[in-house]
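A.B. asks: structure for the following, please:
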Amino acid sequence: MIKDFEKLKRNYARLIVRRGLNIPSGRLIKIVADIDQPDFVNTLVEECYLAGARHVVVHWNYCPVERLIAERTSLEELKIIPPYKKEEIQFDIKNNVAFIYLESNNPDYLNGVDARKTSIPNMIRRAYVNKVRGDTSYRAPYTIACLPSVEWAKLLFPKLSAEAGVEKFWQLIFKFTYVTANDAVKGWDKHCKDIDDKAKWLNSLHIKALHYQSKNGTDLMVGMTDKYQFAGTYDFDIIRKRKYYSNIPTEECFVSPHRLLTEGTVVASKPLCENGQLIEGIKLKFKKGRIVEAHAKKNEKLLKQLINAEENMHYLGEAALVPFSSMINKSNIIFFNTLLDENACCHFAFGDSYRYTYRGYELMDRESLLRKGLNQATNHVDFMIGTSDLKITAITKDNKKVVIFKNGEWAK
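C.D. replies: Got it, this is the predicted structure:
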């Protein structure tokens, strides 16, 4: 049994609320969780109210039911957003409801289900959300965190008993988030400051492009926008002027590159998990920013389906820097979960970009951001490209070359 287990879980919940959302008093909060986590959700709700929440609502999911719905409902029906769902979305946006998403479901629970039955409805929902938001790039604070479940632990640690697997998973979560029995945020704050300092350094270089090179075949030039800004660990609530952390844990320093300025080839270093299916051996070729060739050693059809879902899925929306020595990578575990796996090493994402990686985004709508080079799409798919020999060279606006990554690690 983990020593001080209840204290550790309480501090993890406190981290999610106090740093993840960093909510001001009087906020409306919605928690989305799976029904196998009632005790932790109870603690989390209590922490929300202790932090000053006005009202907390919990939306429960159950994987077997979600799978049945996806299997038995026609794709045409799944494309329809029911009126009550539209009203809920409108209410959430109008009232700036803050969200906590707790991921504990078995990543394999949709394996074998037609991928279109999850990807297309999600894209339609995102498109509706963007429509309701209107000409604004504002998004209410949200945070995503992981919880160990029996089914997920079985997938990761098949040789351990269910109890031992869940316990090991909890130990990793506490380690990855710097939570201790004595403090919820001290270690987190120190860790995040180190990453945020890296973002400040990159922004001071006035980068024109990044050149990625690895012996696995990666040779890619990625151009920046005219007013790029690398983001560190936190997002910013531009209405309430407060930091919040959308990913717990986080290891990345990231930017949205210019959608039309990527040239060359990139080879993935880890599998991409999509609805429980692993896409392995990914190799993409870019020309004038667009993916013109997409290959995979396993599940190539699914990869192409993700890319071909819409035109703007053919362009990069994110370039993220993560040292190869990150604790998540050192665990030597594929978690089958984007939140954890993307924080193992450097990665890209094709699809939607991050508005706050462009200076002046606060006054710009999505169309304006697109004209400045930030890709706009209804999906965002991360894939890992970090290797132990990865070299990344920054080409500055005055044509100087600065090595920022060497042998998979920060050069500074």
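A.B. asks: so which residue is dead centre in this protein?
C.D. replies: Geometric centre of the chain, nearest residue: residue 339, 5.1 Å, by C-alpha atoms, centre = their mean.
A.B. asks: would it count as being in a strand?
C.D. replies: No: assessed with DSSP: H, G, I helix; E, B strand; the rest coil, residue 339 is helix; it does not lie in a strand.
A.B. asks: identify the residues contacting the residue nearest to it when sequence neighbours are not counted.
C.D. replies: Residue nearest to residue 339 in three dimensions, not counting chain neighbours: residue 144, with 5.5 Å by C-beta to C-beta, 6 or more residues apart in numbering. In short, each C-beta sits where N, CA and C put it, glycine included. Residue 144 makes contacts with 101, 103, 246, 247, 248, 339, as judged by C-beta atoms under 8 Å, 6 or more residues apart in numbering.
A.B. asks: which residues of the stretch 151-300 of the chain fall in strands?
C.D. replies: Under the criterion DSSP state E, counting those that start in this stretch, the stretch 151-300 of the chain contains strands at 207-213, 219-223, 235-237, 242-244, 247-248, 253-255, 262-267, 272-274, 277-279, 283-287, 290-295.
A.B. asks: remind me what the longest one packs against, helices and strands.
C.D. replies: For strand 207-213, the contact count by 3 or more C-beta pairs under 8 Å, 6 or more residues apart in numbering; DSSP states H and E identifies strand 219-223, strand 391-396 as packing neighbours.
A.B. asks: go through stretch 190-208 and flag the buried ones.
C.D. replies: Using 16 or more other C-beta atoms under 10 Å as the test for burial, stretch 190-208 gives 191, 192, 195, 196, 198, 199, 202, 203, 207, 208.
A.B. asks: taking those residues one by one, which sit in helices?
C.D. replies: Using DSSP state H, the members of those that fall in helices are 191, 192, 195, 196, 198, 199, 202, 203.
A.B. asks: can you lay out those residues as TSV showing distance to residue 85?
C.D. replies: Below are those laid out as TSV (distance: C-beta to C-beta, whole Å):
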residue	distance to residue 85
191	38
192	35
195	36
196	37
198	40
199	37
202	40
203	40
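A.B. asks: near residue 54, how many other residues are there?
C.D. replies: By other C-beta atoms under 10 Å, 12 other residues sit near residue 54.
A.B. asks: my guess is it contacts residue 28. True?
C.D. replies: Yes: at 5.9 Å, residue 54 and residue 28 qualify as touching, with contact defined as C-beta atoms under 8 Å.
A.B. asks: how about residue 9, what does it touch?
C.D. replies: Going by C-beta under 8 Å, 6+ apart, residue 9 touches 40, 43, 170.
A.B. asks: tell me if the first one really is in a helix.
C.D. replies: Yes: applying three-state DSSP, one finds residue 40 inside a helix.
A.B. asks: circling back: closest one to residue 19 among the helices and strands packed on strand 207-213?
C.D. replies: The minimum distance between residue 19 and the helices and strands packed on strand 207-213 falls on strand 391-396, with 28.6 Å, by C-beta to C-beta.
A.B. asks: kindly indicate whether residue 108 is helix, strand or coil.
C.D. replies: Going by three-state DSSP: residue 108 is coil.
A.B. asks: and it, what does it touch?
C.D. replies: Contacts of residue 108 were listed using C-beta under 8 Å, 6+ apart, and they are 151, 155, 276, 336.
A.B. asks: and which of those is nearest residue 88?
C.D. replies: When these are compared for distance to residue 88 (C-beta to C-beta), residue 276 wins out at 27.1 Å.
A.B. asks: okay, that closest one and residue 262: tell me how far apart.
C.D. replies: As judged by C-beta to C-beta, to the nearest Å, residue 276 and residue 262 stand 29 Å apart.
A.B. asks: those two - which one has more neighbours?
C.D. replies: Set residue 276 next to residue 262 and count neighbours by other C-beta under 10 Å: residue 262 wins out with 26 against 18.
A.B. asks: if I read this right, residue 300 contacts residue 284, doesn't it?
C.D. replies: No: applying C-beta under 8 Å as the test, residue 300 and residue 284 come out as separate, 11.4 Å apart.
A.B. asks: any shared contact partners between those two?
C.D. replies: With C-beta under 8 Å, 6+ apart, residue 300 and residue 284 have common neighbours residue 294.
A.B. asks: neighbour-wise, which of the two wins?
C.D. replies: When residue 300 and residue 284 are compared for neighbours, residue 284 comes out ahead with 26 against 16, by other C-beta under 10 Å.
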